[in-house]
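> predicted coordinates and the sequence they were generated for:
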Amino acid sequence: MINAGEQCIYCDQSVAWGSGLYVNRIPADDGERTGFMCGACVDDAEKLAEECKPELFGFTVIDRDGGEMFSSEPEYETGQEAQTAGEHSLCDLNGGSLEVWLWDDSLEDVTKTWEV
């Protein structure tokens, strides 16, 4: 690996003391170079990571009277994973039915629901 020294490994700006970018720098490596990342590149990377967040699914076990028995966290990357976990919980809780749902973090709400 190549040591970039006191330069941002992404934009090549100096992050040395007195550059104005020293305070917000963080250690970083991109697989080829090692050094630091400046605050502006950190912000850009965080925004990109936020935009590329995977869709997350969850499930809700409904009791035989139609009430909610249990609702999972939005932690499953596919609807199939949520359905499989939900079916296990449905059996364990002796529930009546199962709903799988898609969570939208930007809306902080369930956007679609499927009855299984």
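On my side now, so go ahead. Residues are numbered from 1 along each chain as shown.
> buried sites along the host helix or strand of W114?
W114 belongs to strand 109-115 when elements are defined using DSSP states H and E. Neighbour counts over strand 109-115 (16 or more other C-beta atoms under 10 Å) mark V110 as buried. All C-beta spots, glycine's among them, are computed from the backbone N, C-alpha and C.
> and the lengthiest helix in the chain, C-alpha only, in PDB?
Longest helix in the chain, counting residues (DSSP state H): helix 79-93. C-alpha atoms of helix 79-93 as PDB (Å, rounded to 0.1, in the frame of the first residue of the first chain):
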ATOM      1  CA  GLY A  79     -38.900 -10.200   1.700                       C
ATOM      2  CA  GLN A  80     -38.100 -13.900   1.700                       C
ATOM      3  CA  GLU A  81     -35.800 -13.600   4.700                       C
ATOM      4  CA  ALA A  82     -38.500 -11.700   6.600                       C
ATOM      5  CA  GLN A  83     -41.200 -14.300   5.600                       C
ATOM      6  CA  THR A  84     -39.000 -17.200   6.700                       C
ATOM      7  CA  ALA A  85     -38.300 -15.500  10.100                       C
ATOM      8  CA  GLY A  86     -42.000 -14.500  10.400                       C
ATOM      9  CA  GLU A  87     -43.200 -18.100   9.800                       C
ATOM     10  CA  HIS A  88     -41.000 -19.300  12.600                       C
ATOM     11  CA  SER A  89     -42.400 -16.700  14.900                       C
ATOM     12  CA  LEU A  90     -45.900 -17.400  13.700                       C
ATOM     13  CA  CYS A  91     -45.500 -21.000  14.800                       C
ATOM     14  CA  ASP A  92     -43.700 -20.100  18.100                       C
ATOM     15  CA  LEU A  93     -46.400 -17.600  19.000                       C
END
